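Chemist: Got a predicted structure plus its sequence, pasted below:
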Amino acid sequence: MARTNLRRPPSNCPVCNQRLATTRLTCPDCNTELSGAFAQCEFCVLTDEDRDVLRVFLASRGNMKDLERHLGVSYPTARARFDALLGKLGIERPATPAPSRVELMEQVARGELDIEEAIKRLNDRG
C-alpha cells in the first residue's frame, strides 16, 4: 500500500492544550489495530523545520558553523535556534557563567559571535 500524503498527528489536545496520549495503532497494510497506552516519541513534538535543523546538526556531527550556513543566519541565531530545539525536547543547557570581555573578543575573532551580539552581551552584564 502506498504511503503518500501521511500527516503527522497533533501532539497537544485542541481543547486544553495538554499532551495527547497514543492509544491506538493501525497497520496500513492489513488494517490490524492495537489499542492500549503507548509511549510517545520524544521527537514527535518537533516541527518539520526543527527536524531539519536536527538532521543537519547530526549530519554535520555537531558542527554549529555548518548549521549556521545551512540556515543562512549568524552563529548566535543558529545557536539560539538549536537551544530552542533542545528546550522543546526537555534538554536544558546547564547555566554557564557569563564570558569575560576577553572570551567575547576571542569568540568574535573566531567568527562565532558578531560584534553587535558581543556588545549587547557586554551591556547586558551591567
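Modeler: Cool, got the structure. Predicted model only: the values in this text are computed from it and were never measured.
Chemist: For the rest of this, base every contact and every neighbour count on C-alpha atoms.
Modeler: OK.
Chemist: center of this protein, which residue is that?
Modeler: Closest residue to the average C-alpha location of the chain: L85 at 2.0 Å, with Cα atoms, centre = their mean.
Chemist: report the longest helix in the protein, please.
Modeler: Assignment by DSSP state H gives helix 75-88 as the longest helix of the chain.
Chemist: That one: what's the following helix or strand?
Modeler: Once helix 75-88 ends, the next helix or strand along the chain (criterion: DSSP states H and E) is helix 101-110.
Chemist: model confidence over that next one, on average?
Modeler: Average pLDDT, helix 101-110: 86.
Chemist: Need the CA coordinates for it. PDB is fine.
Modeler: Provided in PDB are the C-alpha atoms of helix 101-110 (Å, rounded to 0.1, in the frame of the first residue of the first chain):
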ATOM      1  CA  ARG A 101      35.500  40.500  27.800                       C
ATOM      2  CA  VAL A 102      38.500  38.600  26.600                       C
ATOM      3  CA  GLU A 103      36.400  35.500  25.900                       C
ATOM      4  CA  LEU A 104      33.800  37.600  24.000                       C
ATOM      5  CA  MET A 105      36.600  39.100  21.900                       C
ATOM      6  CA  GLU A 106      38.000  35.700  21.100                       C
ATOM      7  CA  GLN A 107      34.600  34.500  20.000                       C
ATOM      8  CA  VAL A 108      34.300  37.500  17.700                       C
ATOM      9  CA  ALA A 109      37.800  36.700  16.300                       C
ATOM     10  CA  ARG A 110      36.900  33.100  15.600                       C
END
